[in-house]
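**Q** Just the structure for this:
(2 chains)
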Amino acid sequence: MSYLKSTFRHPESQTNSLGYTRSFYEGALSTLCAGCGHDSVSGSIIQACFEMSLEPHKIAKMSGIGCSSKTPAYFLKSSHGFNSVHGRMPSVTTGANMANKDLTYIGVSGDGDTASIGMGQFMHLVRRNINMVYIVMNNGVYGLTKGQDSATADVGSASKKGVPNLYEPMDLCELAISLGSGYVARSFSGDKNQLVPLIKGAVKHNGFAIIDCISPCVTFNNNASSTKAYEWVRDHKEATGKVDLVPEAQEITVSQPNQILETIQLHDGSMIQLQRLPNSLDIQSRASVLRSLEDARQNKQVLTGLLYINPNSKQTHEIINTAERPLNTLGKEDLCPGSDVLEAINEALR
Amino acid sequence: MRIESTNEFVIRFANVNGTGSASANNMFSKAVFRMGVPVSPKNIFPSNIQGLPTWFEVRVTERSYLGSRGDVDFMVAINGQTLKQDYESIVPGGYFLYDSTKSLPRDFKRDDINVFGMPLTKMCIENYTNPRQRQLFKNIIYIGALASLFNMEFEVLTNMVKDQFARKEKLIAPNILALELGFNYAEEHYNDACGLSVSRRDNVGDAIIIDGNSATGLGAMYGGATVCGWYPITPSTSVVEAFEKYCHKYRIEDDSGQNKFAILQAEDELSAVGMAIGANWNGARGFTATSGPGLSLMSEFLGLAYFAEIPLVVVDVQRSGPSTGMPTRTQQSDVISAAYASHGDTKQVCFYPCDPADCFEMTAQAFDIADRLQTPVILMSDLDLGMNDHMSRPFKWDDKTEYDRGKVLNAEQLDNLTERWGRYLDVDGDGIGYRTYPGTHPTKGSYFTRGSSHDDYAAYTEDSVAYESNMERLVRKWETAKQIAPHPQIKHRNKETKVAAIFYGTSAQASYEALDGLAADGIMINTCRIKSFPFHPDIGDFIKEHDTVFVIEQNRDGQMRNLLINEFNFGTKRMRSILNIDGMPMRARRIKRKIELMLNGEDVSPFTTANSSVDGE
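**A** Here you go, the predicted structure:
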């Protein structure tokens, strides 16, 4: 295995509109297992941020504890990162977002970090509609503690230890939809073509955006009896349609004649573009997507792609009416009413 | 036999909670204050909304002893459930006012107290038709009677009614009627029957009267807090309610009408403190307020903030523990769990306010100290301080004060650095590194914040040398904290005496009073009021100067005493505990009696509570 990261870059590497190459968006060398799905997700985050020309220092990388939560060290080296405590990334991100509404918050978490220890915080994060991207690197297993089932493991699925899971799984997308998230997607770490546009759409979405990304654990849960293994997911995934994020001005074309094209305008003018079959689900209807998720489960399919979007979603700052200027930029003049006011307060207390 | 006293007595009201009694009793207390006489009200209430016993005690004290004295001189007994207990608790020569609509049971036979019957229920039925009014005005009627019995200025009361209901004018007349009904009844039946009186003085100066939690909320606003994550818990809830109230008044942006603050009610205390940490990490001042059970839940996050070095302000309004304990009764029993909150080697900066002015100043200061030290500061208030009104010196703010945001590098400073920057590098020798806020500079100053072991440059490490060096630097920072946290207040009554007392927070006022009493008897005791942890070296020197040091506090295990012994490595013998754990405010008379017995060499329990070997009230 490599222990040093190559610094060689092609002298004519492509740059984005900020003049940065893709490598500028990379991070330290990953210490995850070779073939870990999480590294592919990191690669997709890098790709999306590079292609969108996001300024890395205007992104905050947030995580909890676990294999997935280590990944912020492996992408966006010029961004501040916060590896908090297990299951508590939601609250830390909430506070950070309240302090500065102008940064882009990318949170990464795992199925243990989100669906077990952090379930309470996760659910309340969704219902407050904090403006952030929340990526779950979902492998159905606890990696750092060596192979225990997580709360997203399917009934009957068995990890390397060989004991089938007995308990009902949590479906984080269903939960997020029922709690009011305005952007809900499921993807697969092995499908970068799908994942990168989904991340871009999530960044652009105003409010809480979740991508439940199945990301196999090569060491503890990639065996034939697991429903979170590469092979099983490749064989059973079913996309809702092909998603892309397009800037406002760009002309939109349908690549497949038998498909219809849906465009959804986001709050900043950019568009989510979805190519889909005529009778597939309506991604702006909660009822439709919940029914489709249920059908897919019955048919042992993993429904991927953009599952639900509400382009009119209002994020927390709009809900609680905070000032346009980020709170962390306000000084004494804005925050302290001074001694005259205090004397009046004193007088009213006599 | 009757007690005669002007402006020095204790009156207790025994009511049923949910009947509006607290506001009426507060009105009496405020009326005394407005007559220029210092006053100390204490609400002793149950963890319940309606129907259980509740007491309200007002100490009238022209000498300004604002702690709890102990003993009751005058009882207003409105609650049938506790009538016997209330009757028995009055000191000989005291007074008992009861609702004589129903006559007293036969076994109420004390001949050493003075009894005033008033048909309160009957008077209400005769004068009011609305059932809720009949209940509420019973309280106002007895306040009117007290005005007569104590020879108070009646207009002070009527003016208060007019102030209070300025916006609900139709309530003024029925309230004044109730005051007059009570006043006239007492004039007619009990003229000159009471030896207690309130007479106008000029002893309150520029003092204000307010509860500690409101002062804390106001301090947070003046201190520049913008983000508050919180979870409701008695007795801390009103801290955030006050912060919110003041923010709505003084923190709305003029042109947009938008809020220059963000308050989020969290799903639990873990989330509440997580939000505060996230905000501080990102350069805003964030805080949370809680009580013991919440502090336990926040413990993991407090360790993160300690180790990752993120500023944070936590207000702990302590209540009786352990576990759920007595949620509406006071104690100082989170001292150890706050000071060493979280697993591993952690130490947390704590402040110990003793009155509302302290709450205001120390809260505002806590944000500066937290930013300067890049670590949590825990404000250790308690239920007695937080939820009761206290007479206090007024709030003061110097407009020249600038917020001290500590060592934070901006983009220009990052560009001008000549050496490699390390987030945790101790360049100044005070144990404190330079931090950056996210979003500062396109290519410089980013780092990874983590609760896992890290080196000077914030990189993950399991290297033994790097780990040890980081832990040692945190001790250097702790030494810095000793110098900048509020210093103790040390008073030498007498250079020769070898006896001293140490106390903090709400144990201070009753202790000062007890020691004044002992001084009057010729027993001189030097004092040290601790205001912060880590302990300033002066506290250690103070202890060394004395052979006997009483540590007076409100918990079972002598937590501050243990903390002192642990931090200074003193032998345990000279450090003697005086403890109160009955959930009631600390009482001066009991402290005095206990010290007398101990100095006499008697082998007595350290507890001042009713079940101890010392006689109670």
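**Q** so which helix or strand takes in the residue nearest the centre of chain B?
**A** Closest to where the C-alpha atoms of chain B average out (CA atoms, centre = their mean) is residue B:385, at 2.1 Å. Here residue B:385 sits within helix B:383-387, counting by DSSP states H and E.
**Q** Is that helix in proximity to chain A?
**A** No: on the criterion CB under 8 Å from any CB of the partner chain, helix B:383-387 is out of touch with chain A, staying 15.8 Å away. Bear in mind the C-beta positions are built from the backbone N, C-alpha and C, glycine included.
**Q** Using PDB, write out the CA atom coordinates for that helix.
**A** The C-alpha trace of helix B:383-387 is given here as PDB (Å, rounded to 0.1, in the frame of the first residue of the first chain):
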ATOM      1  CA  LEU B 383     -31.500  27.800  41.700                       C
ATOM      2  CA  ASP B 384     -31.500  30.100  44.700                       C
ATOM      3  CA  LEU B 385     -29.500  32.700  42.700                       C
ATOM      4  CA  GLY B 386     -31.100  32.000  39.300                       C
ATOM      5  CA  MET B 387     -34.800  31.900  40.100                       C
END
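**Q** returning to what we had before: from chain A, how far out is the nearest residue to the residue nearest to the centre of chain B once chain neighbours are set aside?
**A** Closest residue to residue B:385 apart from its sequence neighbours, by CB to CB, 6 or more residues apart in numbering or on different chains: residue B:212 at 3.9 Å. Separation of residue B:212 from chain A (CB to the nearest CB, to the nearest Å) stands at 13 Å.
**Q** follow-up on the earlier one: would you confirm that the residue nearest to the centre of chain B contacts residue B:506?
**A** Yes: in this structure, residue B:385 is within contact of residue B:506 by CB atoms under 8 Å, at 5.0 Å.
**Q** what residues do those two have in common as contacts?
**A** Common neighbours of residue B:385 and residue B:506, using CB atoms under 8 Å, 6 or more residues apart in numbering or on different chains, are residue B:354.
**Q** Give me the three-state assignment for residue A:146.
**A** Following DSSP: H, G, I helix; E, B strand; the rest coil, residue A:146 is assigned to coil.
**Q** burial count for residue 132?
**A** Here I'm looking at chain A. 29 (other CB atoms under 10 Å in any protein chain shown).
**Q** should've been chain B
**A** With other CB under 10 Å as criterion, residue B:132 counts 10.
**Q** related to what we said a few turns ago, direction included, what does the next helix or strand after the helix holding residue B:385 pair up with?
**A** Later in the chain than helix B:383-387, the nearest helix or strand by DSSP H and E is strand B:389-392. Strand B:389-392 sits in its sheet next to strand B:208-211 (antiparallel), going by DSSP bridges.
**Q** Please enumerate the helices of the stretch 101-250 of chain B.
**A** B:120-127, B:131-149, B:154-164, B:172-189, B:212-222, B:237-250 (DSSP state H, counting those that start in this stretch).
**Q** Mean pLDDT for these - can I get that in TSV?
**A** Shown next, in TSV, are the helices of the stretch 101-250 of chain B (pLDDT from 0 to 100):
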stretch	mean pLDDT
helix B:120-127	96
helix B:131-149	95
helix B:154-164	95
helix B:172-189	97
helix B:212-222	98
helix B:237-250	98
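**Q** As a markdown table, these with distance to residue A:85 would be great.
**A** Shown next, in a markdown table, are the helices of the stretch 101-250 of chain B (distance: least, CB to CB, whole Å):
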| stretch | distance to residue A:85 |
| --- | --- |
| helix B:120-127 | 57 |
| helix B:131-149 | 49 |
| helix B:154-164 | 48 |
| helix B:172-189 | 53 |
| helix B:212-222 | 25 |
| helix B:237-250 | 23 |
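**Q** Identify the bridge partners of residue B:577.
**A** Going by DSSP bridges, residue B:577 forms beta bridges with residue B:551.
**Q** Tell me how many other residues surround it.
**A** Quick note: residue B:577 (other CB under 10 Å) scores 21 neighbours.
**Q** do the same with residue B:443
**A** The burial count for residue B:443: 13, using other CB under 10 Å.
**Q** any idea what sits nearest it, other than its immediate chain neighbours?
**A** residue A:78 (5.8 Å).
**Q** How about residue B:208?
**A** That would be residue A:349: by CB to CB, 6+ apart, it lies 3.8 Å from residue B:208.
**Q** What residues does the nearest residue to residue B:394 once chain neighbours are set aside make contact with?
**A** For residue B:394, ignoring the flanking residues on the chain, the nearest one in space by CB to CB, 6+ apart is residue A:346 at 4.3 Å. Contacts of residue A:346 were listed using CB under 8 Å, 6+ apart, and they are B:206, B:208, B:394-395.
**Q** In terms of secondary structure, what does the longest helix seen in chain A contact?
**A** Assignment by DSSP state H gives helix A:37-51 as the longest helix of chain A. Here helix A:37-51 touches strand A:104-110, strand A:132-138, helix A:192-204, strand A:208-214, going by 3 or more CB pairs under 8 Å, 6 or more residues apart in numbering or on different chains; DSSP states H and E.
**Q** quick one, it and strand A:208-214 angle?
**A** Interaxial angle of helix A:37-51 relative to strand A:208-214 (axes from the mean of the first three to the mean of the last three CA atoms, to 10 degrees): 140 degrees.
**Q** got the contact list for helix A:37-51?
**A** A:16, A:20-22, A:24-27, A:30, A:32, A:56, A:59, A:67-68, A:71, A:74-76, A:106, A:108, A:135, A:137, A:139, A:189-190, A:192, A:195-197, A:199-200, A:203, A:213-218, A:230.
**Q** what about the closest residue to chain A within the stretch 51-200 of chain B, how many neighbours?
**A** Nearest to chain A, among the residues of the stretch 51-200 of chain B, is residue B:163, at 10.1 Å (CB to the nearest CB). Neighbour count of residue B:163, defined by other CB under 10 Å: 10.
**Q** same check, this time on residue B:106
**A** If we define neighbours as other CB under 10 Å, then residue B:106 has 6 of them.
**Q** And residue A:127, by the same measure?
**A** Count around residue A:127 with other CB under 10 Å applied: 15.
**Q** distance of residue A:323 from chain B?
**A** 4 Å.
**Q** how close does that residue sit to residue B:74?
**A** 52 Å (CB to CB, to the nearest Å).
**Q** So which of the two has more stuff around it?
**A** Higher neighbour count among residue A:323 and residue B:74: residue B:74, with 27 against 23, using other CB under 10 Å.
**Q** And the one helix or strand the more buried one maps to, what does it pack against?
**A** Taking DSSP H and E as the definition, one finds residue B:74 inside strand B:72-77. Other elements packing on strand B:72-77 under the criterion 3+ CB pairs under 8 Å, 6+ apart are strand B:8-16, helix B:83-88, strand B:90-99.
**Q** The same query, at a cut-off of 10 Å, please.
**A** strand B:8-16, helix B:21-34, strand B:53-61, helix B:83-88, strand B:90-99, strand B:114-118, helix B:131-149 (3 or more CB pairs under 10 Å, 6 or more residues apart in numbering or on different chains; DSSP states H and E).
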